[in-house]
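Student: Need a 3D model of the sequence below.
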Amino acid sequence: MAKRHSNESSISEVLQQFIQVNKLESGMDKIDVEKAWKSLMGNGVNSYTQEVILKGSTLYVKLTSAVLREELSYGKQKIIAMLNEELRKDVVKEIVLR
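Tutor: Numbering: from 1, shown residues only. As a prediction, this is how the structure comes out:
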């Protein structure tokens, strides 16, 4: 009897291959960055956040509070590091707070 080679893959491996083949990584990064922002910043910041948009490697965050925007501007590098650590890859290189 001939041996059968197993060509089984996990669902996550198949999905990852599908995303790479169809060049969907940038769209997935946009979704992942928005989720990471919401989870890392907490309810206080999220209540003043109107939109989070990733264009290229720049994250644009629209805030309704000028005071919060000023406060967050002092910690941009720390926020970038936290987001990239959460995403487990370097997606965000710059943050623009509006």
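
Student: I'd like the secondary structure assignment at residue 23, please.
Tutor: Judged by DSSP: H, G, I helix; E, B strand; the rest coil, the three-state class of residue 23 is coil.

Student: residue contacts, it?
Tutor: Not one residue lies near residue 23 by CB atoms under 8 Å, 6 or more residues apart in numbering. In this view, the C-beta of every residue, glycine as well, is placed from N, C-alpha and C.

Student: and it, backbone torsions?
Tutor: phi 50, psi 50 (degrees, to the nearest 10).

Student: now the end-to-end length of stretch 57-76.
Tutor: 14 Å (CA to CA, to the nearest Å).

Student: Helices of this protein, start to end?
Tutor: In the chain, the helices defined using DSSP state H lie at 11-21, 25-46, 66-73, 76-87.

Student: Columns distance to residue 58, mean pLDDT and mean neighbour count on top of these, output as CSV?
Tutor: Output for the helices of the chain, formatted as CSV (distance: least, CB to CB, whole Å; pLDDT from 0 to 100; neighbours: other CB atoms under 10 Å):
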stretch, distance to residue 58, mean pLDDT, mean neighbour count
helix 11-21, 22, 86, 10
helix 25-46, 11, 93, 14
helix 66-73, 15, 95, 13
helix 76-87, 10, 96, 15
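
Student: Export the ones you listed as CSV, with columns for distance to residue 52.
Tutor: Compiled in CSV, the helices of the chain are given as follows (distance: least, CB to CB, whole Å):
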stretch, distance to residue 52
helix 11-21, 21
helix 25-46, 5
helix 66-73, 12
helix 76-87, 10
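
Student: Which of the ones you listed sits closest to residue 60?
Tutor: helix 25-46 (10.5 Å; CB to CB).

Student: tell me what the closest one is packed against?
Tutor: In terms of contacts (3 or more CB pairs under 8 Å, 6 or more residues apart in numbering; DSSP states H and E), helix 25-46 is packed against strand 49-55, strand 58-63, helix 76-87.
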